[in-house]
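Novice: would you be able to build a 3D model of this:
(chains A, B, C and D)
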2 protein chains.
Amino acid sequence: MDRNALGILRQYDLRHTDTRENILNGFLQKTTALSHSDIEVYLNDGFDRVTIYRTLKTFLDKGIIHKILDDNGGVKYALCKDQCASGHHHHDHVHFKCSECNETFCLEKFLIPEIILPEGYQRKDINVLVQGTCPKCN
Amino acid sequence: MDRNALGILRQYDLRHTDTRENILNGFLQKTTALSHSDIEVYLNDGFDRVTIYRTLKTFLDKGIIHKILDDNGGVKYALCKDQCASGHHHHDHVHFKCSECNETFCLEKFLIPEIILPEGYQRKDINVLVQGTCPKCN
DNA sequence: CTAAATTTGCGTTTTGATTACAAAAAATCT
DNA sequence: AGATTTTTTGTAATCAAAACGCAAATTTAG
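Specialist: The predicted model follows:
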């Protein structure tokens, strides 16, 4: 399975551009979720702010990355690990944000248990954010 | 149990002001979670934007309301139902956002099941947002 | 290499949030 | 009630985040 920027772009039928390659490399290198501004920093102001917005939106639409909620009312992003066949995502895993180092982790192996909803509520998507301290900060 | 604005203010040792009373009444009337701008609309521009920020922060600090994450990177607020002793909250219930009407509901009765974390991760707080369609929009 | 389609950068605008400070309102105390 | 103290509010200014339109640049296909 392709785990390099070019491969991913090809896989999802996206044109190969500098911005996209660089941003993808960012995601591939970091083990944590990235915010818009994390990416800006990572790219070292090499690309326009607006372009980053658009690139993230494109990746999101294609299902290359997924959104992770942040407690302060923000969003971070992380790669969808490749077991989601395209169009059929199941990132029903737990997200963990460390309140010491402020990093957010995708706990890919730790799935969200079944959540019971009242009669009439149709579940489509789900997002779990656990906050606490990560192994490094304990 | 006090379920009126004045009672709540008294209970939490807060001065009785127009803004606070009105905002509390908003929360008491609506069954859904409110964003800052929902409140602005509800108050019909009767109070300053900044005052609303401050009021929400005050309520948050006192434990009168709690934060609910929004999928688009925003925050909504809702009353803490059972008296979480101040400083000792237990709103470990599920939040549901309907993607049709965009309303967010506190499913107070539906608690978050135990979530297993990898070795070394210390859980402190948790936030669950389920998205889908609510009974009215089905 | 050329043409068509997509992507990018920039300027502008809108919106959201925070701060400082003076005015206003609430509670307290004769 | 009236005066004093403390808290709260409104205004203006500041700052950051996000969205939009358009022209220039880049990618892909022929």
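Novice: switch to C-alpha atoms for all contacts and neighbour counts from now on
Specialist: Fine.
Novice: mind listing what's buried in the strand ranked longest in chain A?
Specialist: In chain A, with assignment by DSSP state E, the single longest strand is strand A:122-133. Of all the residues in strand A:122-133, those buried under the rule 16 or more other C-alpha atoms under 10 Å in any protein chain shown are A:122-123, A:126-133.
Novice: ok, which of these also contact chain B?
Specialist: A:122-123, A:126-133 (C-alpha under 8 Å from any C-alpha of the partner chain).
Novice: list the contacts for A:Arg10?
Specialist: Neighbour list for A:Arg10: A:His16 [criterion: C-alpha atoms under 8 Å, 6 or more residues apart in numbering or on different chains].
Novice: helix or strand for it, which one?
Specialist: helix A:5-11 (DSSP states H and E).
Novice: what about the residue located most distally from the centre of chain A, is that helix, strand or coil?
Specialist: Using C-alpha atoms, centre = their mean, the residue of chain A lying farthest from its centre is A:Glu119. It sits 31.2 Å away. Using DSSP: H, G, I helix; E, B strand; the rest coil, the structure places A:Glu119 in coil.
Novice: what about A:Leu69, how many neighbours?
Specialist: The local packing of A:Leu69 (other C-alpha atoms under 10 Å in any protein chain shown) involves 26 other residues.
Novice: quick check, it in contact with A:Phe96.
Specialist: No. Using C-alpha atoms under 8 Å as the test, A:Leu69 is too far from A:Phe96 to be in contact (10.1 Å).
Novice: pull up the overlap in contacts between the two.
Specialist: The contact lists of A:Leu69 and A:Phe96 share A:Leu129, where a contact means C-alpha under 8 Å, 6+ apart.
Novice: OK, contacts around the closest residue to A:Thr133 other than its chain neighbours?
Specialist: Leaving aside its chain neighbours, A:Thr133 sits nearest to A:Cys98 (4.6 Å; criterion: C-alpha to C-alpha, 6 or more residues apart in numbering or on different chains). Shown in contact with A:Cys98 (C-alpha under 8 Å, 6+ apart): A:104, A:131-134, A:137.
Novice: ok, A:Cys98 to B:Ile115 distance?
Specialist: According to C-alpha to C-alpha, to the nearest Å, A:Cys98 and B:Ile115 sit 16 Å apart.
Novice: for A:Thr133, same thing?
Specialist: For A:Thr133, the distance to B:Ile115 - C-alpha to C-alpha - is 15 Å.
Novice: next: A:Phe110.
Specialist: 8 Å.
Novice: again with A:Ile115
Specialist: In terms of C-alpha to C-alpha, A:Ile115 sits 11 Å off from B:Ile115.
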